[in-house]
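Trainee: Here's my sequence, what's the structure:
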Amino acid sequence: MAACTPAPQHRADAIYHNGAVITVDAQRSVAEAVAIADGKIVAVGSTEQLMAQWRGSETTEIDLQGGALLPGFIDPHSHFFMATMIVGKVDLQGPPLGSIQSVADVQQALLAEAQRRNLAAGEWLMGWGYDENNMVDGVWVDRFNLDAAFPDNPVGLFHVSGHGVILNSQALAAVGLDEESPTPAGGVIGRNDEGQLNGWLMETALYPVYPFMFKLDPESLPELIAGVQQLYAASGITTAQEGAADLRAVTALQRAASAGELVMDVVAYPQSHLLAELQGQQDLDALRAYQATDGNGPGFRVGGCKIVSDGSPQARTALFTAPYLVPGPSGEHDWHGTALMEQAQLNQQFAECYDRDLQVIIHANGDGAIDMAINGHAAYLAANDEQPGQVDRRTTIIHSQFVRQDQLDAYQQYAMVPALFTQHTFFFADAHIRQRGEQQAAFMSPMRRAIDMGLRPTNHTDFMVTPLNQMFLLWTAVNRTSREGVLVGGDQRISVMEAIAAQTINAAYQYFEEQRKGSIEVGKLADLVVLDKNPLSVEPMALRDIKVNQTIKAGKVIYTRQ
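Mentor: Next up is the predicted model:
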């Protein structure tokens, strides 16, 4: 006779059944049902077994209706807090996310908002998501065509890359920039052929703009944070990242956690140059543990520090060893992009982080910037007589867009995590092909190669650069098809299960949290997402049509699709 498992003293709070339970465990097994209690997973197996052993009079039974249950998606890199700053700003995204395809479209969208607000002379007007690659006639927004529509108001547009803004004359005057302003190291101040400012400011040239365009009302922050959380939860995300936190972000998120306002885990990475100031204000060691939680979440913590080494490839500020095939942002020839700092300064920032025992995540898009990141890590190890792998650092190279094979070899040597960004294969691949050539574009975000080498790549949206939609992100990793329908590096496509792992268990590993989240296994947090269809059984091109029905954080429902 088969052995009987004794009935548990504590029945399950909920049992999910009648769907595919994609566990993402080591065997990548698919189960029939899951039981949860007290915010954790207590059983995984057959429906018959779990109903017999874990169902009680107060157990809620959730019918998946033939859909799927996955681990909650873990966001390896985005800008959670920065997303509060786009609220109330004009959406200037192009197709398929929006309708902006010309300067006239931009002007009309801004004028409509000005009319709606009854904008007075001198008031700022701001937009976000502008991408010059969407301009069908090739004419870009600049200072002068913004002036034509708004001669009496400062206007600023956030570039889709997050690495630049476009200002009109009123805005340039407000931030104190004119034709005599020097270009800062690591920055780009755009000029026309006559030497006049064209309104484009990239990378470090952005810094004077921050106090004007990144204003937040402290009293409105709870509402803004709640709204951003719903955006993330609606995408099935249960752990979010603020990937370039300033002191304001750390303070605001810490307050939200203490007030019980967070419904998901949020991990922040303060910019490395702010560490000394942050440590002077707060106990940095204490901030590394989740705040305002018993360990089950939701909560907030500082995960490490962020370094930025270059710019954006679609904006032509990413740093490459070979020149772009097109001129730079101000018409520069033999243009290689921009390093935001010298190697010695980058090495010092690695030391600032590692000396505090902090994980480093470093933004590096172009292969030149990736060289700098690897060299910065190697320099610290050499200076401290540390062997590769001696300390489990999980240094993460954010984006790694145009990584070379020899650099992947270095990732393997140093046990680095490649945080890849396959949505570029849809949104920006056509621009990359024009600017970098087909061969280099085909190897961007090389998921297949990284997995085959035994690395544990993650995949992210870099929201607000691209949408949060996790099923669309998964679709791009599996299909690698551009906006114009071009297959981009077909040999770098991966399976659906591998793509799910990149957004769950691999992401948990990136955060040093693979023992408590990222897969559906007994003892782990009940961080879950319910999908209306099984991604393992639909056609690859249909993956992006799958909907999130429900998101669960530590056993509590935080989103339900209406």
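Trainee: could I get the lengthiest strand in the chain in PDB with only the CA atoms?
Mentor: Looking across the chain with DSSP state E, the single longest strand is strand 237-245. Below are the C-alpha coordinates for strand 237-245, written out as PDB (Å, rounded to 0.1, in the frame of the first residue of the first chain):
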ATOM      1  CA  ILE A 237       6.300  42.000 -11.300                       C
ATOM      2  CA  THR A 238       6.800  41.300  -7.600                       C
ATOM      3  CA  THR A 239      10.300  42.700  -7.200                       C
ATOM      4  CA  ALA A 240      11.200  46.000  -8.800                       C
ATOM      5  CA  GLN A 241      14.400  48.000  -9.100                       C
ATOM      6  CA  GLU A 242      15.400  51.600  -8.900                       C
ATOM      7  CA  GLY A 243      18.500  51.400 -10.900                       C
ATOM      8  CA  ALA A 244      20.000  54.800 -10.500                       C
ATOM      9  CA  ALA A 245      18.800  56.100  -7.100                       C
END
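Trainee: Tell me the helices and strands packed up against it.
Mentor: strand 73-74, helix 247-258, strand 265-270, strand 304-308, strand 548-553 (3 or more Cβ pairs under 8 Å, 6 or more residues apart in numbering; DSSP states H and E). No exception for glycine: its C-beta is placed from N, CA and C like everyone else's.
Trainee: Redo these as JSON lines? Include mean pLDDT, distance to T239 and mean neighbour count.
Mentor: Output for the helices and strands packed on strand 237-245, formatted as JSON lines (pLDDT from 0 to 100; distance: least, Cβ to Cβ, whole Å; neighbours: other Cβ atoms under 10 Å):
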{"stretch": "strand 73-74", "mean pLDDT": "99", "distance to T239": "4", "mean neighbour count": "28"}
{"stretch": "helix 247-258", "mean pLDDT": "92", "distance to T239": "13", "mean neighbour count": "19"}
{"stretch": "strand 265-270", "mean pLDDT": "97", "distance to T239": "4", "mean neighbour count": "28"}
{"stretch": "strand 304-308", "mean pLDDT": "96", "distance to T239": "15", "mean neighbour count": "26"}
{"stretch": "strand 548-553", "mean pLDDT": "98", "distance to T239": "9", "mean neighbour count": "24"}
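Trainee: Is it possible to get TSV of these that adds distance to T47?
Mentor: Putting these into TSV (distance: least, Cβ to Cβ, whole Å) gives the following:
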stretch	distance to T47
strand 73-74	25
helix 247-258	37
strand 265-270	30
strand 304-308	41
strand 548-553	18
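Trainee: Quick check: pLDDT value at D294.
Mentor: With respect to pLDDT, D294 scores 65.
Trainee: Buried residues, stretch 89-100. List them.
Mentor: Within stretch 89-100, the residues that count as buried by 16 or more other Cβ atoms under 10 Å are 89-90, 92-94, 97, 100.
Trainee: just to revisit the earlier point, got the angle for the longest strand of the chain vs strand 265-270?
Mentor: Using axes from the mean of the first three to the mean of the last three Cα atoms, to 10 degrees, one finds that strand 237-245 and strand 265-270 are set 10 degrees apart in direction.
Trainee: Let the chain start at 26 from now.
Mentor: With the count now opening at 26, the last piece we talked about shows up as strand 262-270.
Trainee: thinking again about what came up before, tell me which of the helices and strands packed on strand 262-270 lies nearest to N178.
Mentor: Ranking the helices and strands packed on strand 262-270 by their distance to N178 (criterion: Cβ to Cβ) puts helix 272-283 first, at 25.8 Å.
Trainee: Is the closest residue to G362 other than its chain neighbours in a helix, a strand, or coil?
Mentor: With Cβ to Cβ, 6 or more residues apart in numbering as the criterion, G362 has its nearest non-adjacent residue at 4.1 Å, and that residue is L344. Secondary structure, DSSP: H, G, I helix; E, B strand; the rest coil: L344 is coil.
Trainee: Check G152 too.
Mentor: Under three-state DSSP, G152 falls in the strand class.
Trainee: Any idea what it is bridged to?
Mentor: Beta bridges link G152 to V115, L182 when assigned by DSSP bridges.
Trainee: returning to that earlier point: switch the buried residues of stretch 114-125 over to CSV; also include distance to G220.
Mentor: Listed next are the buried residues of stretch 114-125 as CSV, based on distance: Cβ to Cβ, whole Å:
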residue, distance to G220
K114, 31
V115, 30
L117, 28
Q118, 32
G119, 30
L122, 35
I125, 29
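Trainee: Excluding sequence neighbours, find me the nearest residue to N390.
Mentor: Distances taken as Cβ to Cβ, 6+ apart put A343 closest to N390, at 3.8 Å, once the chain neighbours are dropped.
Trainee: A369 should be in a helix, yeah?
Mentor: Yes: with three-state DSSP as the criterion, A369 is located in a helix.
Trainee: rewinding a little: neighbours of the residue nearest to G362, how many?
Mentor: 24 (other Cβ atoms under 10 Å).
Trainee: contacting residues around it?
Mentor: Counting by Cβ atoms under 8 Å, 6 or more residues apart in numbering, L344 makes contact with 334-336, 361-364, 390-391, 393-394, 397.
Trainee: Buried residues in the helix or strand of the chain with the lowest mean pLDDT, which are they?
Mentor: Ranking every helix and strand in the chain by mean pLDDT, DSSP states H and E puts helix 235-238 at the bottom, with a mean of 78. Residues of helix 235-238 classed as buried by neighbour count (16+ other Cβ under 10 Å): 237-238.
Trainee: Specify the next element, helix or strand, located C-terminal of it.
Mentor: Next helix or strand after helix 235-238 toward the C-terminus (DSSP states H and E): helix 246-259.
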